[in-house]
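A.B. asks: Quick one, structure for this:
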Amino acid sequence: MADSNHTSEPRSAKVKYPTSRQLTVLETICETAAKTRGVGLNYVPVVLEPYIVLRGKWLSQAGFTTGQKVTVTVNQHGLMITPSLPSPGPAIKP
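C.D. replies: Now for the predicted structure:
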């Protein structure tokens, strides 16, 4: 019979961060061009879009570095963020 405190994967005692995070989706105002209502009357429609801020030591622990390009894959009910593969440089002919 398995021990009740048994875990399937050993974890380091120094690991402080869980493998999942709870973040809040915020909203921001997107810039749009001014629209004309009549002679001399302009207005700027307010367009709100959602955004998420990702920051913290847990990103570097997951292997992400400052300035690194990432690929965001959009699924029906989720997002997947992975490091982008470096693009091959131009071929140098001898």
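
A.B. asks: how close does the residue positioned nearest the centre of the chain sit to residue 45?
C.D. replies: What sits nearest the mean C-alpha location of the chain, by CA atoms, centre = their mean, is residue 54, with 5.5 Å. For residue 54, the distance to residue 45 (CB to CB, to the nearest Å) stands at 29 Å. Where C-beta positions appear, they are placed from N, C-alpha and C, glycine not excepted.

A.B. asks: Tell me which residues of stretch 24-41 come out buried.
C.D. replies: Residues of stretch 24-41 classed as buried: none (neighbour count, 16 or more other CB atoms under 10 Å).

A.B. asks: could you measure the residue lying farthest from the centre of the chain against residue 32, distance?
C.D. replies: In the chain, residue 39 marks the outermost C-alpha relative to the chain mean, sitting 43.6 Å out by CA atoms, centre = their mean. Residue 39 is 21 Å from residue 32, where distance means CB to CB.

A.B. asks: and what of residue 52?
C.D. replies: Residue 52 sits 22 Å away from residue 32, taking CB to CB as the criterion.

A.B. asks: Residue 82 too?
C.D. replies: Taking CB to CB, one finds residue 82 at 32 Å from residue 32.
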